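Trainee: One predicted model, sequence on top.
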Amino acid sequence: MKKQVHAIEVIHVKETEDSHEEPDPLALSTNELFKSMHCLVTSLHIFGAIHINEDPGTKWTASKVHLVAVFLLLVLNQIRMGFNFVNAKINPEFFWDVMFYSWMLLAVTNSFNMYKVCICERRLVTVFTSWKEFNPRPSKTKTAHFKKKSRIYITTGWCYLLTSIISSLYAQFATSFLDANLVPFSIDSSYIDVIRVISVLLNILISGSWIFVNVLIFFLADVAHYELREFNREFRKRLTNDGEFHGELEEYRQRHQSICRFINDIDASIHLSVGFSFVVCMVGILLSIYNVIWWQRVREDSFMAVMITSWIMNSAITLFCIIIFGAYVNNEAHALANDAYNISLLNTTDTFRLQVSTFLSRLTGPPIGLTAASMFVIDKPTLLTMFFLKIVGVLVSYFVLIVQFSPSYSGGQTPSNMSHTAINHSLNVE
């Protein structure tokens, strides 16, 4: 006869180190996850992309003023860049301005999102406190893993930013590539070099804000994936080949639910940035491909060709990373469904059967994971099949539409005008 075997130790006690005092989950100074990403938080502070204040009664701090000032500066810059579209004509230069404007708009969106989750809702603090709920005493192995991952992400981010700074300096002072960014100033102004320096500094601020917000998104997604993977590994150790579960199932179910709440808090903090990144990346890929085909300057200027190509690669890599990270989190969140089905219910209590049924309902129920602006959960089936095909369909459809209004190599006519000319000519002949 099979009997339910109760484990003596609980999960979170087993994986933690001895401590003389229970850490306060509300104090970020003792929160191991927050401490492990110290370099990332510092980088976000530099570019005014984060504000962490444990005391909601404190109205203004230096980091809060910095975040608000950067947000307002980005908004004003976005308004300034809008003057590029006054009396604009549909041509490759126009589409380049749209690409650059959309990227800056993404930076504004990220800044607004961080303002909302750090100041208005304090959801980012909730992310750390919810993690602490199921990690009261995390092991040194876990905290060391998070520190290592944080360093890898932050090093990658700074290398990317350094490349962006070098490209921006060269483009601003050695080419006319970014002259449109100087609007409403004229390049013939006596103080144009000062304006160029200010433009470079502004681009560095925008790049840093955009890069390290993305780094934060990827790091938190990686943490969620790690927690789910370790939980699944521990759960499977408790399940024998004949379906007998050695442990308190309700305790594991509650721990899984705590991790799901942690993921929900992460999503509430980043979903707006993730959703807008989808849009900007697709627009960037589409317009970049168009400019590669139709813009004569790209074929004549090697630096322009490199910049357009790097823009395509950057948009594709960003979109790919968001999909992969989101899909991995969703997959791990539901990965125990088959294992739960294998749990034997012979000679078990009604309470145990109810626990199995409740756990299965969660594992096979609504998708768990990160979302794009709360519109859909990023998962493997949706993104790699149906949604991916929709993206390709949208890109192809709009690409064909844009080509219909593109200048041809024959007399500057568009393909649409050429077709109308051919039709009119045939009618005249008749």
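Mentor: That came through fine.
Trainee: Low-confidence regions, this protein specifically.
Mentor: 1-27, 54-58, 382-392, 394-395, 398-399, 401-430 (pLDDT under 70).
Trainee: can you do 50?
Mentor: Low-confidence segments of the chain (pLDDT under 50): 1-25, 408-430.
Trainee: quick one, strands of it?
Mentor: In the chain, no segments count as strands under DSSP state E.
Trainee: Is it correct that Arg80 is in contact with Pro184?
Mentor: Yes: using Cβ atoms under 8 Å, Arg80 makes contact with Pro184 at a distance of 7.1 Å. No exception for glycine: its C-beta is placed from N, CA and C like everyone else's.
Trainee: So for these two, which sits in the more crowded spot?
Mentor: Arg80 (16 against 8; other Cβ atoms under 10 Å).
Trainee: Now do the contacts for the more buried one.
Mentor: By Cβ atoms under 8 Å, 6 or more residues apart in numbering, the contact set of Arg80 is 183-184.
Trainee: what about Gln296, neighbour count?
Mentor: Neighbours of Gln296 (other Cβ under 10 Å): 10.
Trainee: next one: Gly243
Mentor: So Gly243, with other Cβ under 10 Å, has 14 neighbours.
Trainee: Look up phi and psi at the spatially closest residue to it that is not a sequence neighbour.
Mentor: With Cβ to Cβ, 6 or more residues apart in numbering as the criterion, Gly243 has its nearest non-adjacent residue at 3.2 Å, and that residue is Ser344. Main-chain torsions, Ser344, degrees, to the nearest 10: phi -70, psi 140.
Trainee: From Ser189, how far off is Ser344?
Mentor: To Ser189, Ser344 is 80 Å away according to Cβ to Cβ, to the nearest Å.
Trainee: What of Ser273?
Mentor: Taken as Cβ to Cβ, the span from Ser273 to Ser189 is 36 Å.
Trainee: Also Ala373?
Mentor: 41 Å.
Trainee: ok, the two, which is more surrounded?
Mentor: Ala373 (15 against 11).
Trainee: my guess is that one contacts Asp267, does it?
Mentor: No: the criterion here is Cβ under 8 Å, and Ala373 misses it with Asp267 at 10.3 Å.
Trainee: contacting residues around the nearest residue to Arg253 once chain neighbours are set aside?
Mentor: Closest residue to Arg253 apart from its sequence neighbours, by Cβ to Cβ, 6+ apart: Phe359 at 4.6 Å. Residues near Phe359 by Cβ under 8 Å, 6+ apart: 249, 252-253, 256, 340.
Trainee: Of these, just say which sits nearest to Ser302.
Mentor: His256 (53.8 Å; Cβ to Cβ).
Trainee: count of neighbours near that closest one?
Mentor: The number of residues near His256, taken as other Cβ under 10 Å, comes to 22.
Trainee: Which residue is the nearest non-sequential neighbour of it?
Mentor: Nearest non-adjacent residue to His256, counting by Cβ to Cβ, 6+ apart: Phe231, 6.3 Å away.
Trainee: okay, how far is it across stretch 121-139, tip to tip?
Mentor: With Cα to Cα, to the nearest Å as the measure, stretch 121-139 spans 30 Å from end to end.
Trainee: What is the distance between that stretch and the centre of its chain?
Mentor: Stretch 121-139 has its C-alpha centroid displaced from the chain centroid by 20 Å (Cα atoms, centre = their mean, to the nearest Å).
Trainee: can you check stretch 241-257 too?
Mentor: On Cα atoms, centre = their mean, the centre of stretch 241-257 falls 33 Å from that of its chain.
Trainee: which one of the contacts of Phe359 is nearest Asn91?
Mentor: Using Cβ to Cβ, the contacts of Phe359 come closest to Asn91 at His256, 54.8 Å.
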